[in-house]
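[1] One predicted model, sequence on top.
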Number of protein chains: 2
Amino acid sequence: MYDGIVQDLIDEFGRLPGIGPKSAQRIAFHILQTQSFDVSRLAELLTVVRERVRFCEVCGNITEEERCAICRDPRRDRTLICVVEEPKDVVAIERTRQFRGLYHVLGGAISPIDGVKPEDLSITQLMRRLSAGAVPESGDEPVREVIIATDPNLEGEATAAYLSRLLSAIEIPVSRLASGLPVGGDLEFADEVTLGRAFEGRTKLV
Amino acid sequence: MYDGIVQDLIDEFGRLPGIGPKSAQRIAFHILQTQSFDVSRLAELLTVVRERVRFCEVCGNITEEERCAICRDPRRDRTLICVVEEPKDVVAIERTRQFRGLYHVLGGAISPIDGVKPEDLSITQLMRRLSAGAVPESGDEPVREVIIATDPNLEGEATAAYLSRLLSAIEIPVSRLASGLPVGGDLEFADEVTLGRAFEGRTKLV
């Protein structure tokens, strides 16, 4: 609908996740009309980010170094490993400030529909990390617990089940994040599966 | 929350309209992880688009030439001028395939709250275009009608009122797009102003 490169820019933005044609158009016009928006900075970052960003050789999290900031941090508890699907999950958990251990990023979840098999995830690396009896840098301290924090959906649950079967063989305690009612939510609006889980996982008060 | 440039990229995307922190994060990870996404193309377009795109010297629409594709098109009816706020409005109207005249893009609407005054819009250019008695390229054919197609909101209505007052002086017929019930909508969900307008503008059937 537009002349040449404006349409090209709209199309290119439209290829990004969560950006439909209308949003893409809005963004393109914003870039055209807002002089204060630094196009060269975004252009440079786009070029540089793919070259510089890689995955931590220990846990698979994103980093610009060989090891990510969390694996490098000497104050982290190296006897706890939290297994997540994606680097964004690391950030979500870090925000809670509840977990001070290390992570292992699988790079996805098992999903036969999307063709993601266990071999496509960094499960072998996880098993190697654990079967050494300890995380490489932890000295000789063994891993105390593996916390499985995959998403509470079909793929995440399947991955958790698969992992717990593998891990049961090497005798390291394995746990899974609790399912239940979201804090601040309304009981009447909870779906039946979540409510069922909340019953199963109820905690004793008195 | 992320290491260096990944966070920079997320921040930069977060500056775009309609993209919150979560979407920005999702987009940044998509770019990092999807090898098929052509970062260099988006980067190049971003750099080139500001340099190359300008505003049509006749109507104010966006173009890479001196005049936009519509002003250059000899098949367009040069005696009809449709006044819109933004270049995106031109595209919206073009999609209807109902209008074959020329446009005039104001570059916004009068809005005292946002500090947009009539002088900030290309109203002088419009008056010059019309007071010549004809659009420059139309030979000697006078403009038959000016159709005001500003948005049906407070600012758009104020702009339409301002323009119609100016235009009444030079004796060119002026019209305004109809307000009424949106096609495919439900009467009961229409707001009272729209429904009121639909009554005012009712058309005779028999």
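    Great, that's in hand.
[2] From here on, just use CA atoms for contacts and neighbour counts.
    Noted.
[3] Show me the contact partners of the longest strand seen in chain A.
    The longest strand of chain A (DSSP state E) is strand A:77-84. With Cα atoms under 8 Å, 6 or more residues apart in numbering or on different chains as the test, strand A:77-84 has contacts from A:90, A:100-106, A:134-135, A:137-138, A:141-151.
[4] which residues are in contact with the strand or helix carrying residue A:90?
    Under the criterion of DSSP states H and E, residue A:90 resides in helix A:87-96. For helix A:87-96, the external contacting residues (Cα under 8 Å, 6+ apart) are A:60, A:61, A:62, A:84, A:99, A:103, A:105, A:107, B:1, B:2.
[5] buried sites along the helix or strand just after that helix?
    Later in the chain than helix A:87-96, the nearest helix or strand by DSSP H and E is strand A:101-105. Of the residues in strand A:101-105, A:101, A:102, A:103, A:104, A:105 count as buried by neighbour count, 16 or more other Cα atoms under 10 Å in any protein chain shown.
[6] do the same with stretch A:191-206
    A:194, A:195, A:198.
[7] Which one of the residues you listed is nearest to chain B?
    Looking at the buried residues of stretch A:191-206 and their distance to chain B, the nearest is residue A:194, at 24.0 Å (Cα to the nearest Cα).
[8] Pull up the gap between residue A:63 and chain B, please.
    According to Cα to the nearest Cα, to the nearest Å, residue A:63 and chain B sit 6 Å apart.
[9] Likewise for residue A:183?
    Using Cα to the nearest Cα, we find residue A:183 at a distance of 20 Å from chain B.
[10] and that residue, what element?
    For residue A:183, there is no host helix or strand (DSSP H and E).
[11] That one: how many residues sit nearby?
    Neighbour count of residue A:183, defined by other Cα atoms under 10 Å in any protein chain shown: 7.
[12] Helix, strand, or coil at the residue lying closest to residue A:174 once chain neighbours are set aside?
    Nearest residue to residue A:174 in three dimensions, chain neighbours excluded: residue A:146, at 4.7 Å (Cα to Cα, 6 or more residues apart in numbering or on different chains). Reduced to three states with DSSP: H, G, I helix; E, B strand; the rest coil, the structure at residue A:146 is strand.
[13] Buried ones only from the contacts of strand A:77-84, please, as a ChimeraX command.
    Entered in ChimeraX, the line below selects the buried ones among those, by 16+ other Cα under 10 Å:
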select /A:90,100,101,102,103,104,105,106,134,135,142,143,144,145,146,147,148,149,150,151
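[14] which ones are touching the residue nearest to the spatial centre of chain A?
    Geometric centre of chain A, nearest residue: residue A:86, 2.3 Å, by Cα atoms, centre = their mean. Counting by Cα under 8 Å, 6+ apart, residue A:86 touches A:61, A:105, A:106, A:107, A:108.
[15] same question, residue A:195
    Neighbours of residue A:195 in contact, by Cα under 8 Å, 6+ apart: A:180, A:181, A:187.
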